[in-house]
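Undergrad: model the structure of this input:
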Amino acid sequence: MSDKDFDLVSVLYHALQGAETCSRYQEDAEGAKDRELTEFLEDSRAEYVARAATAKRLLASRLGAQAANESTEGEEEEEEEEEEEEED
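TA: Next comes the predicted model:
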């Protein structure tokens, strides 16, 4: 995994943590009957969830492309080895 992929995993992790934290704080705001703060925390949580979803999509596409490239490279090496064996 490259540094940039690890960075993306980190953003995903922190976005999920942020969403969870907002949920806990939202419960406190609801308990205090502070509607303005509750709405703010709902909005913040939604932003974190959206950010996490985007990070997850990006990570899946990059890792999927990486896996496909590795698979193709492996197949090409096998074909080359088979061709060399046929020549002998």
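Undergrad: with adjacent residues omitted, what lies nearest to the residue positioned nearest the centre of the chain?
TA: Centroid check for the chain by CA atoms, centre = their mean gives K56 as the closest residue, at 2.8 Å. Of all residues not flanking K56 in the chain, L12 sits nearest, at 5.9 Å (CB to CB, 6 or more residues apart in numbering). In this view, the C-beta of every residue, glycine as well, is placed from N, C-alpha and C.
Undergrad: hang on, the earlier thing: mind checking how far the residue nearest to the centre of the chain is from D28?
TA: Distance, K56 to D28, using CB to CB, to the nearest Å: 28 Å.
Undergrad: ok, back up a step: so the residue nearest to the centre of the chain touches V9, yeah?
TA: No: look at K56 against V9 with CB atoms under 8 Å: they stay out of range, at 9.8 Å.
Undergrad: and the pLDDT at the residue nearest to the centre of the chain?
TA: Looking at K56, its pLDDT stands at 95.
Undergrad: now for G64, how many residues are close by?
TA: By other CB atoms under 10 Å, 10 other residues sit near G64.
Undergrad: give me the pLDDT for it.
TA: Taking G64 on its own, its pLDDT is 82.
Undergrad: D7: which element?
TA: D7 is part of helix 3-31 when elements are defined by DSSP states H and E.
Undergrad: does K33 sit in a helix, a strand or a coil?
TA: Counting by DSSP: H, G, I helix; E, B strand; the rest coil, the backbone at K33 sits in coil.
Undergrad: do you know how far it is from Q66?
TA: Distance, K33 to Q66, by CB to CB: 50 Å.
Undergrad: ok, now A15?
TA: For A15, the distance to Q66 - CB to CB - is 22 Å.
Undergrad: looking at those two now, which is surrounded by more residues?
TA: Using other CB under 10 Å as the criterion, A15 and Q66 rank with A15 on top: 20 against 13.
Undergrad: now that one. Nearest residue, chain neighbours left out?
TA: Nearest residue to A15, sequence neighbours excluded (CB to CB, 6+ apart): A52, at 3.8 Å.
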